[in-house]
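Participant: Okay, predicted coordinates and the sequence, questions at the end:
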Amino acid sequence: MIIVALITTRAIAQQESAQAKSVIKLFTEYINSGHYDLICNLFNEKAKSKFPHDRTMVFLEQLQTRYGNIKNTTFMSVENTFTTYLADLDKGQVVIWIAVDSLSTINGLFAKPYQTTIPPKAERNTTKLSLPLSSEWTISWGGDTKALNLHNGAKFQQYAFNIVINGLNERSYKTDGRSNTDYYAFGEKILAPADATVVLAVDGVADNVPGTVNTMYVPGNSVILKTANNEYFFFAHFQQNTVNVKDGDVIKQGQLLGRCGNSGNSSEPHLHFHIQDAPNFDTATGIKCYFERIYVNNKIMDDHSLIKGERIDNIKH
């Protein structure tokens, strides 16, 4: 039995660091006093190469000219390496993303007006998808009800799938299931279902012995992709040291992401896949996933959302 892939968002949520708290305080002090050069001095060497001094000075000056002084900042979240703050200024509100390293230097900075109108939640994907697989797999959890899908009670992964490979014996393992290599899915290719950009890639988490789980880092080795339609594809439990992409990579449909493993909160080798509408698990809502044209139980299906028990495969061209 596969234990549910992602039990809680809190297991991977991050808090405001002391370094970020210190830097946003200095940022506020320096911008209010017009000492933009002191903010530039907080940038580390890598950031200085990406944010030249003259451009950064213009950006900071325009920010204060348009919005005035910062009255206060409120911590919102941590997304990847960026800490997000909602800043109240004299003439409006701005969201500030700031990436701070362990030495309390800045390696990334971005700001935009705070949008008070919330766009409607997406009900399904609009990007055309192929399966992230290269052979026939079986849906072990998937569907819209808790009876079909253990993920159904969690907002961000409510439409998630757990996917395994079953052999002719109708089991996911060959003999006794005591080792990862005994499972048909272990080491199999996981592919990009659409063109996208990598926004998170985690590798190096050890694979579990079948029947045990790692709750310290629930997703295990994992990848998040962002499409041009602002859909976030989440893949969890890759085999250790097989993740083949890195943050910022622009990838094509069918490109190798890594290989199926048993890392994180996983009791046997399988792929966990879902779509969400934001990168942060605490604020994201799951999006129902439909695949463009695939085999389902050896029949061609168009625009299909997967259900527990279905055998699925891409149509080979």
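Facilitator: Nice, thanks for sending it over.

Participant: Without its sequence neighbours, what residue ends up closest to Ile275?
Facilitator: Ile287 (4.2 Å; CB to CB, 6 or more residues apart in numbering). C-beta coordinates here come from the backbone N, C-alpha and C atoms, glycine included.

Participant: State the pLDDT value of that neighbour.
Facilitator: Looking at Ile287, its pLDDT is 95.

Participant: swap in Lys48?
Facilitator: 84.

Participant: what about it, which helix or strand?
Facilitator: Using DSSP states H and E, Lys48 falls within helix 45-50.

Participant: what comes up buried for the helix or strand following that helix?
Facilitator: Sequence order places helix 53-67 as the next helix or strand after helix 45-50, per DSSP H and E. Using 16 or more other CB atoms under 10 Å as the test for burial, helix 53-67 gives Thr56, Leu60, Leu63, Gln64, Tyr67.

Participant: Report all helices and strands that helix 53-67 contacts.
Facilitator: Secondary-structure packing of helix 53-67 (3 or more CB pairs under 8 Å, 6 or more residues apart in numbering; DSSP states H and E): helix 18-32, helix 36-41, strand 92-100.

Participant: Pick the most deeply packed of the ones you listed.
Facilitator: Ranked by average neighbour count under the criterion mean count of other CB atoms under 10 Å, the helices and strands packed on helix 53-67 are headed by strand 92-100 at a mean of 19.

Participant: so what secondary structure elements neighbour that one?
Facilitator: helix 18-32, helix 53-67, strand 70-79, strand 82-89, strand 106-113.

Participant: So which of these is nearest Asn298?
Facilitator: strand 70-79 (41.7 Å; CB to CB).

Participant: Give me the sheet partners of the closest one and which way each runs.
Facilitator: Pairing partners of strand 70-79, with direction, according to DSSP bridges: strand 82-89 (antiparallel).

Participant: Now the helix holding Lys48: buried residues?
Facilitator: Applying 16+ other CB under 10 Å to helix 45-50 flags Ala47, Lys48 as buried.

Participant: thinking again about what came up before, tell me which of the helices and strands packed on strand 92-100 sits nearest to Asn208.
Facilitator: Among the helices and strands packed on strand 92-100, strand 70-79 comes nearest to Asn208, with 26.5 Å by CB to CB.

Participant: What residues of the closest one count as buried?
Facilitator: Buried, per 16+ other CB under 10 Å, within strand 70-79: Ile70, Thr73, Met76, Ser77, Val78, Glu79.

Participant: pLDDT wise, what is the second one at?
Facilitator: This means Thr73. In this model, Thr73 carries a pLDDT of 93.

Participant: For it, name its beta-bridge partners.
Facilitator: Ala87.

Participant: Residue ranges in this structure under the pLDDT threshold?
Facilitator: For the chain, the stretches with pLDDT under 70 are 1-14, 80, 115-120, 317.

Participant: domains for it, by residue range?
Facilitator: When the chain is parsed with automatic domain parsing, its domains come out as 18-113, 121-314.

Participant: okay, these, which one's buried deepest?
Facilitator: Compared across those, domain 121-314 shows the largest average neighbour count, a mean of 19 (mean count of other CB under 10 Å).

Participant: how long is that domain end to end?
Facilitator: By CA to CA, to the nearest Å, the extent of domain 121-314 from end to end equals 29 Å.

Participant: just use 55 as the starting number from now, easier for me
Facilitator: Renumbered: residue one is now 55, and that last one reads domain 175-368.

Participant: Distance from the chain centre to it, please.
Facilitator: 12 Å (CA atoms, centre = their mean, to the nearest Å).

Participant: Just to check, Asn220 is in contact with Ser226?
Facilitator: Yes. Taking contacts as CB atoms under 8 Å, Asn220 lies within contact range of Ser226: 5.6 Å.

Participant: what's the overlap in contacts for the two?
Facilitator: Thr192, Tyr238 (CB atoms under 8 Å, 6 or more residues apart in numbering).
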